[in-house]
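Colleague: Fold the following.
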Amino acid sequence: MYAEEDYLMLSGIQHFAFCNRQWALIHIEQQWAENYRTTAGELMHKKAHEEGSFEKRGDLLIVRGMRIASHVLGVSGQCDVVEFHRSEEGIDLFGYAGKWNPVPIEYKHGTPKENNADERQLCAQAVCLEEMFQTSIVEGFLYYGENRRRSRVEFTEELRSQTSETARKMHEMFRRGHTPSVKTSKRCKACSLEHLCLPKLQKNVDVGTYIKQNIHRVESLF
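Modeller: Modelled structure (predicted):
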């Protein structure tokens, strides 16, 4: 269990799973930069959020911009959209007759990623909702802007374990105030922090190491 003053941003789950150096630059060093992808994603989220708005369509209740938190993961943030589906096995909602099952929906610009960073972020939202409503949630959806399709995500034990471990490592790194060294990959080209991270420069040896290496080479000639 984490105290509220130790909560980290839930959105950091996705950053950390994508690249823990990117997460540290944003959440520890407080660095940020925009590119086309982040700007387009921000516009999509603003449209999805409309914080606190409710919409009812028969047996479906749509809530946008719901604020959520988890004592277990030690995170807080917002859901883009939470759909409450009427179900006999659901929960009670104040002001609405019947019972309802919550389903988190996360909006993403682009297309599904090769890793499951988005799935972990969505799973963290589900954990928050489960704690808040004292229920269990089996699935959620990721909506990708480029293909305009929902992708179903099942909250398996494996995904829950990965999400919990990601949150634990986030807290550990935050306490240490540690920014990891760079590990270059093709993902670097899509990162808005590439010019702040300087992955190619970080791969070069430092001056001290360079001098020692060359002294050793010179000495070996004699």
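Colleague: Mind naming the longest helix for this structure?
Modeller: Counting residues, the longest helix found in the chain (DSSP state H) is helix 157-176.
Colleague: Mind giving me the packing neighbours of that one?
Modeller: strand 8-9, helix 12-18, helix 20-27, helix 117-133 (3 or more C-beta pairs under 8 Å, 6 or more residues apart in numbering; DSSP states H and E). Using the backbone N, CA and C atoms, a C-beta is placed for each residue, glycine as well.
Colleague: Which helix or strand contains the closest residue to Y96 other than its chain neighbours?
Modeller: Of all residues not flanking Y96 in the chain, L61 sits nearest, at 6.5 Å (C-beta to C-beta, 6 or more residues apart in numbering). Element membership of L61 [criterion: DSSP states H and E] is strand 60-70.
Colleague: So what are the sheet partners of that strand and their directions?
Modeller: strand 54-57 (antiparallel), strand 75-93 (antiparallel) (DSSP bridges).
Colleague: out of the ones you listed, deepest packed?
Modeller: Of all these, strand 75-93 carries the top mean neighbour count, a mean of 17, counting by mean count of other C-beta atoms under 10 Å.
Colleague: roughly how far is it from the heart of the chain?
Modeller: 19 Å (C-alpha atoms, centre = their mean, to the nearest Å).
Colleague: what angle do that strand and helix 117-133 make?
Modeller: Strand 75-93 and helix 117-133 are oriented at 50 degrees to each other (axes from the mean of the first three to the mean of the last three C-alpha atoms, to 10 degrees).
Colleague: helices or strands up against the helix or strand just after strand 75-93?
Modeller: Later in the chain than strand 75-93, the nearest helix or strand by DSSP H and E is strand 96-108. Packing contacts for strand 96-108, counted by 3+ C-beta pairs under 8 Å, 6+ apart, involve helix 36-49, strand 75-93, helix 117-133, strand 139-144.
Colleague: hmm, try it at 6 Å
Modeller: strand 75-93, helix 117-133, strand 139-144 (3 or more C-beta pairs under 6 Å, 6 or more residues apart in numbering; DSSP states H and E).
Colleague: Of all those, which one is nearest H15?
Modeller: helix 117-133 (8.0 Å; C-beta to C-beta).
Colleague: Let me see the mean pLDDT of that closest one.
Modeller: Averaging pLDDT along helix 117-133 gives 97.
Colleague: Can you mark which positions in it are buried?
Modeller: By 16 or more other C-beta atoms under 10 Å, the buried positions in helix 117-133 come out as 117-130, 133.
Colleague: now that helix: how far from the chain's centre is it?
Modeller: 10 Å.
Colleague: Strand 139-144 and that one, what's the angle between them?
Modeller: Going by the same axes, to 10 degrees, helix 117-133 makes 140 degrees with strand 139-144.
Colleague: contacts for helix 117-133?
Modeller: Contacts to helix 117-133, defined as C-beta atoms under 6 Å, 6 or more residues apart in numbering, come from residues 10, 13-14, 17-18, 68-70, 73, 79, 91, 102, 104, 106, 108, 136-137, 140, 142, 153, 155, 159, 162-163, 166.
Colleague: thinking again about what came up before, give me the beta-bridge partners of the residue nearest to Y96?
Modeller: Applying DSSP bridges, one finds that L61 bridges with K56, F84.
Colleague: Which secondary structure element of the protein has the lowest mean pLDDT?
Modeller: helix 36-49 (a mean of 47; mean pLDDT, DSSP states H and E).
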